[in-house]
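Enquirer: Sharing a model prediction with you, sequence too.
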Amino acid sequence: MGQPQDGAATTPTLDSFGGEIGRGQARTIRARWELQTVTRVREAIALDLAAREVSEQVIGEAELVVTELVTNSLRHASPLADRTVRIHWKARGDNVEVEVSDGGAETEPAPAPRQMWATSGRGLRIVRSIAHEWGVQRDDKQTTVWAALGGPSRRRVGP
């Protein structure tokens, strides 16, 4: 964060997870497996992306996407082995990639069919409508749902 005029070092600004805002090329949070996590993660990603000078539009998209992905994780999956959900993002200019990893579920995350009067089930449909790309990666220990925002993604999913 640099040095002020008088030569004293500045203290980095930390978010509610204890991470330095706007520092490094990417950010990873391991958040508790609880509903309050959604609000805290949304605030952390917004603060971090603003410090990286990402546009307000892409910050808003990232807030919405991370809210949907973390909420889906908490509702439909199990936690990681350490009872957390992992949120990772990186930004290059206005291109932002967001990942949410959990312990997985019996089924693979997929957008629900459109239902006009449904009160839930729109999360991945919203993500799909906002993201330039999105996908799911699974292994024996975790499921990761990712989304690329703000421009074409450089992410390549193997065969």
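Expert: Received, thanks.
Enquirer: Least confident secondary structure element in the protein?
Expert: The helix or strand with the lowest mean pLDDT-type score in the chain, counting by mean pLDDT, DSSP states H and E, is helix 123-130 (a mean of 79).
Enquirer: in the chain, which spans are helices?
Expert: With DSSP state H, the ranges of helices along the chain come out as 37-51, 56-76, 123-130.
Enquirer: mean pLDDT lowest for which of the ones you listed?
Expert: Here the lowest mean pLDDT among those goes to helix 123-130, at a mean of 79.
Enquirer: What ranges does this protein have for its strands?
Expert: Secondary structure of the chain, counting by DSSP state E: strands at 26-32, 84-92, 95-102, 133-138, 143-149.
Enquirer: Pull up the pairing partners for the last one, direction included.
Expert: Looking back up the chat, that one is strand 143-149. When sheet partners are counted by DSSP bridges, strand 143-149 sits next to strand 95-102 (antiparallel), strand 133-138 (antiparallel).
Enquirer: In JSON lines: those strands, plus mean pLDDT and distance to Ile126.
Expert: Every C-beta, even on glycine, is put in place using the N, C-alpha and C of the backbone. Conversion of those to JSON lines gives the following (pLDDT from 0 to 100; distance: least, Cβ to Cβ, whole Å):
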{"stretch": "strand 95-102", "mean pLDDT": "96", "distance to Ile126": "13"}
{"stretch": "strand 133-138", "mean pLDDT": "91", "distance to Ile126": "11"}
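Enquirer: returning to what we had before: of the strands of the chain, which approaches Val66 most closely?
Expert: Go through the strands of the chain one by one with Cβ to Cβ and the one that ends up closest to Val66 is strand 95-102, at 5.5 Å.
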